[in-house]
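Peer 1: sharing a sequence plus its predicted fold:
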Amino acid sequence: MSELPVRRIVDDAAAAAIATAELVIAAAQHAVDERGVFHLCTTGGSTPAALYAALREPERAARMPWGATQIWFGDDRHVPRTSPLSNLAPLDAVLLARDSHGVASPIGNDQVHPWPTDEDGPKAVSDYLAAARAAKIQHTPEGFPQFDLVLIGIGGDAHCLSVFPGSPLASSDAPIAAPVPAPTHIEPHVPRLSFSLGLLPAARAVCATVVGAGKSAALARILNGEGTVSEVPAKAALIPTATWIIDRAAAADL
């Protein structure tokens, strides 16, 4: 590629959460200035809780245009919202809940758009895509919503979203989104609902946050150019609109 993503190395997971929060705030302010609304597509896994906590810090919360923010999800486990496996679990526990000082959430539940996991897979996907259309998000000619910022993490197998190595959602002719069978090679072994990798280049910006020594081998495969996108799906985020925020533990093998 002629242009590479921005790569930022920070000291630790706490610093990565702060750096990601600052990127979210900057993207939000720009989107609201330009279009009056900020459509954030967030992620699951182990990283978001620290990000949401950083965004709740009073100084940052005061700079975040909460009233104009709408939150979406790049993927989710096909489980009830109340399940600890749901990608909404950290959002519900940290962002939508009262904080440790009793301060109410800065965002309303109606501003959060979860995958309809109470429906079967194909209907959940079609209804989620319809919800993005109904929200008047701009879409690419291929039909992908153009979120203002897409957040991703990576798995130990170098997956992102719920696009695992060898997944048909990694192909150039993949559908916009689809149900994903439960993976057998990585936990949790539950079915998913996910956008395909085309979501990333469609976005106005992407942020990949990678923390911990357990991600170092996968990160090295991604950033050192090993394998194809089908084999190493997170390589799809090696685009000029992406920022990679990496702590020193995850960067150990670079």
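Peer 2: Sure thing, it's come through. Numbering: from 1, shown residues only.
Peer 1: give me the distance between residue 178 and residue 166.
Peer 2: Between residue 178 and residue 166 the distance is 14 Å, computed by CB to CB, to the nearest Å. (Glycine included, C-beta is placed from N, CA and C.)
Peer 1: neighbour count: these two, which is higher?
Peer 2: Neighbour count, other CB atoms under 10 Å: between residue 178 and residue 166, residue 178 has more, with 19 against 12.
Peer 1: how about the more buried one, what does it touch?
Peer 2: By CB atoms under 8 Å, 6 or more residues apart in numbering, the contact set of residue 178 is 121, 125, 168-169, 193-194, 196.
Peer 1: what is the burial count for residue 243?
Peer 2: 19.
Peer 1: residues in contact with the spatially closest residue to residue 112 that is not a sequence neighbour?
Peer 2: Closest residue to residue 112 in three dimensions, ignoring its sequence neighbours and counting by CB to CB, 6 or more residues apart in numbering: residue 71, at 4.8 Å. Contacts of residue 71 were listed using CB under 8 Å, 6+ apart, and they are 40-42, 91, 107, 111-113.
Peer 1: ok so, going back, now, which of the contacts of residue 178 lie within strands?
Peer 2: 193-194 (DSSP state E).
Peer 1: tell me what the helix or strand where residue 34 lies is packed against?
Peer 2: Here residue 34 sits within helix 13-35, counting by DSSP states H and E. Contacts defined by 3 or more CB pairs under 8 Å, 6 or more residues apart in numbering; DSSP states H and E place helix 13-35 against strand 6-10, strand 38-42, helix 48-56, helix 58-63, strand 149-152, strand 206-210, strand 242-247.
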